[in-house]
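**Student:** Please find the sequence and the predicted model below.
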Amino acid sequence: MKRTKIVDLLRAEVLDIDVEVKGWVRTRRGNKYVQFVALNDGSTIRNLQIVFDMNKFTDEQLKAVTTGSSIHVIGKLVASQGKGQTCEVQADTLEVYGTADPEVYPLQKKGHTLEFLREIAHLRPRTNTFGAVLRVRSTLAFAIHTFFQGKGFFYLNTPLITSSDCEGAGAMFQVTTLPLNDLPRTEDGKVDYSQDFFGKPTSLTVSGQLEGELGATAIGEIYTFGPTFRAENSNTQRHLSEFWMIEPEMAFYDITDNMDLAEEFVKYCIRYVLDHCRDDIEFLAEHYDKGLIERLEFVLHNDFVRLTYTEGVKILQESGHKFEFPVSWGIDLQSEHERFLVEQHFKKPVILTDYPRDIKAFYMKQNEDGKTVRAMDVLFPQIGEIIGGSEREADYDKLLTRIKELNIPMKDMVWYLDTRRFGTVPHSGFGLGFERLLLFVTGMTNIRDVIPFPRTPKNCEF
């Protein structure tokens, strides 16, 4: 006989058959005549009830069947007489794979705070909450590949180790093999990177965008999906030092094409999760965010409002609303400003475009007014900005001038500028933080709770 996953047993159409099931014990209850075990194998949020007739088993046999223990059961799948489940397994044989001493096993039946669970991130996937989050995360990752592959995009792997700072932010983790307690020095006392592994300073990437543009200007439409790293000392509920990014880049796309793709993409992802993880989403809605499903449907059933940054600032200034951060043209909008436009003014998702040049990255296409660039940010309820992108500057001279204005080292930009020297084309792209999307889809409020092992300042456990 072969093991059947619990998710398949719970939707089985044929009953009164012998089955083999394996998993971890959630709870055990009963009396001297019958014992009931709630078993879960991670394939679904729902547990399978295992019924032990105590005429067949002894107390000693079931002594080790405690919360957290792992067991192997062979029995008959039958219709359930109890509430909350359609079927159950009447056990014939029991094998205990691994015990979990209830005196020391930290995940007992009582509820645990998310803060406590972060301290035991190696065990928290065994809880209902994090099992649900991880299943949603996996499904959402598959949806991303399915969406882009279905549109003819090519999956491009961009480097994790780089010598360029895409965003110009400088908050990068350095990569070196030099002995830190005895660094080689040049004659003028500087670190001699010529002796390092790559022969020059290198860091972990903050974005695969620039390399993504190389792919787009060669094979048309690409997307990257991989880890990125930011060495920002930001201990907030929305920041991680290691996170995953989705970054499509498309040749021959203008800013409007870019906005159309971004809207279609996030709607596809949300619909996919609702269709394929309904049990998990309903569990998270019930326990963490009563308005979750309504908010997901809100995004699906509304066209995104599109307006310029200048128009958005005017609306904010004339709203009469008292913001913590004052609004003026030229500022980088805060989450409270973005959420006001989405949740109170338009009551729809919003795409803001044409931001001031001075607050955006060097590679964004400059508008004719000389003050703004063809940037676009997608704003969602409760979260604010979820996607940032732009039409890229295709003009070699304009891009070169901007690089010089910002004092970006030319040695790092020669290869990038070649895409504008040889066969330049209009092209666009955007970036979406995977964990930010997961926050929205799961209703969790702390980004540390949507990634298996969060990396944050002063925290690199497990």
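**Tutor:** That came in fine, so what should we check first? Numbering: from 1, shown residues only.

**Student:** quick one: secondary structure of the most far-flung residue of the chain relative to its centre?
**Tutor:** Distance from the C-alpha centroid of the chain peaks at Asn55, with 49.4 Å (C-alpha atoms, centre = their mean). Three-state assignment for Asn55 (DSSP: H, G, I helix; E, B strand; the rest coil): coil.

**Student:** How about the one 5 residues further on?
**Tutor:** Following three-state DSSP, Glu60 is assigned to helix.

**Student:** How many neighbouring residues does it have?
**Tutor:** Look at Glu60: counted by other C-beta atoms under 10 Å, it has 7 neighbours. Just so you know, the C-beta spots here come from the backbone N, C-alpha and C atoms, and that holds for glycine as well.

**Student:** can you check Met172 too?
**Tutor:** Using other C-beta under 10 Å: Met172 sits among 21 other residues.

**Student:** Report pLDDT for it.
**Tutor:** Met172 is assigned a predicted lDDT (pLDDT) of 92.

**Student:** I figured it was touching Phe229, is that so?
**Tutor:** Yes - Met172 is within contact range of Phe229, at 7.2 Å (criterion: C-beta atoms under 8 Å).

**Student:** Common neighbours of those two, please.
**Tutor:** Residues touching both Met172 and Phe229 (C-beta atoms under 8 Å, 6 or more residues apart in numbering): Leu204, Val206.

**Student:** thinking again about what came up before, so the residue farthest from the centre of the chain versus Glu20, what's the distance?
**Tutor:** Applying C-beta to C-beta, to the nearest Å, the value for Asn55 to Glu20 is 22 Å.

**Student:** With Lys109 instead?
**Tutor:** On the measure of C-beta to C-beta, Lys109 and Glu20 end up 26 Å apart.

**Student:** Could you pull out the helices in the stretch 101-250 of the chain for me?
**Tutor:** Using DSSP state H, counting those that start in this stretch, the helices found in the stretch 101-250 of the chain span residues 114-119, 128-150, 209-219.

**Student:** number of nearby residues for Arg11?
**Tutor:** Other residues near Arg11 come to 11 when the count uses other C-beta under 10 Å.

**Student:** give the contact list for Thr44.
**Tutor:** Per C-beta under 8 Å, 6+ apart, neighbours of Thr44: Ile6, Val7, Leu10, Asp279.

**Student:** any chance of these in a markdown table, with neighbour count, secondary structure and pLDDT too?
**Tutor:** Converted to a markdown table, these look like this (neighbours: other C-beta atoms under 10 Å; DSSP: H, G, I helix; E, B strand; the rest coil; pLDDT from 0 to 100):
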| residue | neighbour count | secondary structure | pLDDT |
| --- | --- | --- | --- |
| Ile6 | 21 | helix | 97 |
| Val7 | 16 | helix | 97 |
| Leu10 | 18 | helix | 95 |
| Asp279 | 15 | helix | 97 |
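
**Student:** which one among these gets closest to Gly312?
**Tutor:** Proximity of these to Gly312 (C-beta to C-beta) peaks at Asp279, which lies at 38.4 Å.

**Student:** Excluding chain neighbours, what is closest to the closest one?
**Tutor:** Using C-beta to C-beta, 6 or more residues apart in numbering and skipping the chain neighbours, the partner closest in space to Asp279 is Ile45 (4.9 Å).

**Student:** quick one: secondary structure of the one you found?
**Tutor:** Applying three-state DSSP: Ile45 is coil.

**Student:** wait, doesn't it sit right on Asn128?
**Tutor:** Yes - the pair Ile45 and Asn128 qualifies as a contact (C-beta under 8 Å) at a distance of 6.1 Å.

**Student:** out of the two, which sits in the more crowded spot?
**Tutor:** Ile45 (20 against 16).

**Student:** list the contacts for that one?
**Tutor:** If a contact means C-beta under 8 Å, 6+ apart, then Ile45 has Asn128, Gly131, Ala132, Arg135, Asp279, Asp280, Phe283 as its contacts.

**Student:** quick revisit: can you check which residues contact both of Ile45 and Asn128?
**Tutor:** Shared contacts of Ile45 and Asn128 (C-beta under 8 Å, 6+ apart): Phe283.

**Student:** ok, now which ones touch Arg306?
**Tutor:** Applying C-beta under 8 Å, 6+ apart to Arg306 gives the contacts Met259, Val350, Ile351, Thr353.

**Student:** isn't there a strand covering the last one?
**Tutor:** Yes - counting by three-state DSSP, Thr353 is found in a strand.

**Student:** which residues in the stretch 101-250 of the chain form strands?
**Tutor:** 154-155, 161-162, 174-175, 202-204, 221-229, 242-251 (DSSP state E, counting those that start in this stretch).

**Student:** how far does the second one sit from the chain's center?
**Tutor:** Same thing as strand 161-162. What separates the centre of strand 161-162 from the centre of its chain is 22 Å, taken as C-alpha atoms, centre = their mean, to the nearest Å.

**Student:** Show me what it is packed against.
**Tutor:** With contacts taken as 3 or more C-beta pairs under 8 Å, 6 or more residues apart in numbering; DSSP states H and E, strand 161-162 sits against strand 202-204.

**Student:** What is the distance between the strand it packs on and the centre of its chain?
**Tutor:** With C-alpha atoms, centre = their mean, you get 22 Å for strand 202-204.

**Student:** Let's test this: mean pLDDT of it, rounded?
**Tutor:** pLDDT averaged over strand 202-204 gives 94.

**Student:** Parallel or antiparallel, which strands does that strand pair with?
**Tutor:** Counting by DSSP bridges, the strands paired with strand 202-204 are strand 161-162 (antiparallel), strand 174-175 (antiparallel).
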